[in-house]
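> Quick check, what structure comes out for this input:
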Amino acid sequence: MKTTVCRLWPLEEGAADHVQATIFISNGMANNAVQAAQDLTARGFSIQVLSVPSMKLLDGNSIGQAAARSNRLVSVAKSKTDPLASFLSKWLSKTKTAIPLVRVGKHGYSAQHIAEACLRNLE
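As a prediction, the model looks like this:
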């Protein structure tokens, strides 16, 4: 059994064919990530937020679908270690997918920090 990611923003499936950034979050980061996405959307950027409920069963399919629609991936974690970012990084390398990956968390994970990570090289 494989885990699929849960869409948190936008709530409508297929809201945009392509997004400027996909924010991947694990436990406890939903409020900040959705706030960042809402703020950026209000400024004219297209953002999606995906929650990964369990790393143990995560597969590359969900990552691939998100990566195919994104200009950049952003991984948000509260801890210094970020297994989700490690998984994303390994997947990008393995599939030779040339999409920037930005990690957020070591120096703050507020909505502002997440929004800034999404904007790196996009403005």
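> which residues of the protein score low on pLDDT?
1-4, 11-16, 57, 106, 121-123 (pLDDT under 70).
> all helices of it, in order?
30-42, 60-68, 83-94, 111-119 (DSSP state H).
> now what about the second one, what contacts it?
Put plainly, it is helix 60-68. For helix 60-68, the surrounding residues in contact (Cβ atoms under 8 Å, 6 or more residues apart in numbering) are 2-5, 22, 24, 48, 50, 73, 87-88, 91-92, 94-95, 97, 99. Every C-beta, even on glycine, is put in place using the N, C-alpha and C of the backbone.
> if you set the cut-off to 7 Å instead, what comes out?
4-5, 22, 50, 73, 88, 91, 97, 99 (Cβ atoms under 7 Å, 6 or more residues apart in numbering).
> so of those, which ones are in strands?
22, 50, 73 (DSSP state E).
> Could you dump those residues into CSV and include distance to Glu116 and neighbour count?
Supplementary listing: those in CSV, determined by distance: Cβ to Cβ, whole Å; neighbours: other Cβ atoms under 10 Å:
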residue, distance to Glu116, neighbour count
Thr22, 16, 26
Leu50, 19, 20
Leu73, 15, 26
